[in-house]
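1. Sequence plus predicted model, see below.
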Amino acid sequence: GYYIGFQEWNRIFPVIIASALSFIIGYKLIPVIKESTLAAGLGGRDLNKVSNKKIPESLGIVPATLYLVTMILAQVLFARDHDAQFQYNSATLSVCFMILLGFCDDVLNLRWRYKLLLPTIASLPLLVAYSGTTAIVVPRMLRDLLGYSIELGCLYSLYMILLAVFCTNAINIYAGINGLEAGQSLVIGCAALTHNFIEITLHINDQIYTQHLLSASLLIPFIFNTLALLKYNKYPSKVFVGDTFCYFAGMTLAMAGILGHYSKTLLLFFIPQILNFIFSIPQLIGIVPCPRHRLPKYDPRTDTLECVPTHFTLINFVLWVTGPQHEKNLSTALICFQIMCCALGFYIRYEISQIFYY
Ligand code: UD1
Ligand code: MG
């Protein structure tokens with residue numbers, strides 16, 4: 001049928017209940033743990049404020065841990081489908097590995113080249129377990145030349161690694177104003193879950209149906225736990241999320257895209273991150289010097305942020321276009337932009353892509 005029926009709710013509903021519980025626990029736990037991370041030296045100054053007070057950092061460790069607990073408990077839902085359960089557990093393991101390495105990064109402040117290596121290592125559990133297709137479908141106009149699909153073989157593993165490296169780092173470098181890291185991740189997660197629900201409802205075939213059910217069960221606990229974090233990370237930030245969260249978020253979304261087999265659609269939801277990445281390339285590859293922070297300039301007299309034209313980021317580009325903005329307005333505007341880009345992504349996926357794939 002063209003609606004989510006009893007059978008789906010049987011699986012999705014327990015995940016929603018468990019995730020809602022983990023939201024409540026996270027909501028209560030973050031204010032407690034933030035005292036401990038601060039005492040352990042994990043804190044940072046809010047660079048866009050007057051105060052010199054340190055804000056607790058790396059609070060992503062709370063939702064990330066609760067996410068893992070929820071995922072481990074919810075695997076029983078796939079117990080009758082061993083292949084699905086195996087893939088689900090491999091994805092959980094990759095996310096777990098990524099959280100560990102993200103927390104290491106927060107504690108050890110790793111250099112740039114290592115940041116690219118971390119998601120590569122963390123995607124290993126999924127790469128080894130991956131049993132899905134390694135072929136990609138060719139766009140219509142090239143099919144006379146290349147055939148319907150191309151078998152990528154080992155190159156497909158490389159594609160999965162690149163996706164994980166991109167998703168994690170792209171979220172991490174689109175950051176620096178309150179609420180942006182958690183906010184963007186929440187919006188992308190919701191867009192991906194909406195896509196899953198559409199495909200579950202359409203039920204084109206059993207395979208696609210199972211893939212999207214699998215992806216949905218990765219995303220529902222992610223969305224609830226991110227929501228708890230956003231509550232404290234939104235302007236004015238009571239906690240910072242840390243690289244722990246950025247890597248956790250990127251890896252979870254990448255895993256959902258890979259196991260759900262909609263990585264191209266997922267990248268459509270990453271349009272702001274792709275733009276920010278393209279802007280950043282000169283600084284990332286070292287043509288232009290890249291300082292530790294590439295934040296806008298805070299003006300304490302007007303309490304606004306100003307564009308710093310030598311920092312090539314999307315945040316600075318927006319400020320360059322609009323002129324100085326209050327941090328709260330800027331953060332809200334960038335989240336709205338994220339929502340608009342996801343809407344555009346849906347339009348491209350369900351309308352325009354018909355021209356290329358049918
Ligand atoms: C990435 C960016 C860096 C940006 C930083 C901000 C690149 C290559 N790196 O580095 O330019 O400055 O994220 O997160 O683009 N902070 C705030 N307000 C916020 C969020 C963070 O002031 O809303 C500051 C705090 O001092 C916090 C620190 O940024 O302690 C966290 O930075 P971190 O996540 O360690 O930086 P990177 O991810 O390495
Ligand atoms: Mg960071």
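-> Now that the structure is in, tell me what you want to look at. Ligands and ions are numbered 1, 2, ... in the order given.

2. how about whatever residue of the stretch 251-358 of the chain ends up closest to ligand 2, what does it touch?
-> As assessed by CB to the ion, ligand 2 sits closest to H293 within the stretch 251-358 of the chain, at 10.1 Å. C-beta: built from backbone N, CA, C; applies to glycine. Taking CB atoms under 8 Å, 6 or more residues apart in numbering, we find H293 in contact with 47, 176.

3. you'd agree it is in a helix?
-> No. Per DSSP: H, G, I helix; E, B strand; the rest coil, H293 lies outside any helix segment and is coil.

4. Quick check: residues of the protein near ligand 1?
-> 44-48, 57, 172-173, 175-178, 237, 240, 243, 290, 293-295 (CB under 6 Å from any ligand atom).

5. Okay, and which of the residues you listed map to helices?
-> 172-173, 243 (DSSP state H).

6. Quick one: which of those residues is the most crowded by neighbours?
-> Counting neighbours by other CB atoms under 10 Å, the top entry in those is D243, with 28 neighbours.

7. So P300 sits against V50, correct?
-> Yes. If you go by CB atoms under 8 Å, P300 and V50 touch, sitting 5.1 Å apart.

8. just so I have it, where are all the helices in the stretch 101-250 of the chain?
-> 112-122, 124-129, 143-146, 154-173, 180-202, 206-233, 242-259 (DSSP state H, counting those that start in this stretch).

9. Which of the residues in the shortest one are classified as buried?
-> Residues of helix 143-146 classed as buried: none (neighbour count, 16 or more other CB atoms under 10 Å).

10. Ok, the fifth one next?
-> With burial defined by 16+ other CB under 10 Å, the residues of helix 180-202 counted as buried are 180-193, 195-196, 199-200.

11. And for the longest one?
-> Residues of helix 206-233 classed as buried under the neighbour-count rule (16+ other CB under 10 Å) are 208-233.

12. now do stretch 325-341
-> Under the neighbour-count criterion of 16+ other CB under 10 Å, stretch 325-341 has 325, 327, 330-332, 334-335, 337-338, 341 buried.

13. Read off the pLDDT value for N196.
-> We have a pLDDT of 97 for N196.

14. so how far is ligand 2 from it?
-> 28 Å (CB to the ion, to the nearest Å).

15. Would you mind listing the residues in contact with that residue?
-> Going by CB under 8 Å, 6+ apart, N196 touches 212-213, 215-216, 219, 260.

16. ok, I258 touching Y159?
-> No. Using CB under 8 Å as the test, I258 is too far from Y159 to be in contact (9.1 Å).

17. report the longest helix in this structure, please.
-> Longest helix of the chain, by residue count under DSSP H: helix 6-39.

18. Now do it: distance to the chain's middle.
-> 17 Å (CA atoms, centre = their mean, to the nearest Å).

19. elements contacting that helix?
-> Contacts defined by 3 or more CB pairs under 8 Å, 6 or more residues apart in numbering; DSSP states H and E place helix 6-39 against strand 54-56, helix 61-74, helix 206-233.

20. Take these and lay them out in CSV including distance to L21 and mean pLDDT.
-> Converted to CSV, the helices and strands packed on helix 6-39 look like this (distance: least, CB to CB, whole Å; pLDDT from 0 to 100):
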stretch, distance to L21, mean pLDDT
strand 54-56, 24, 98
helix 61-74, 8, 97
helix 206-233, 9, 96
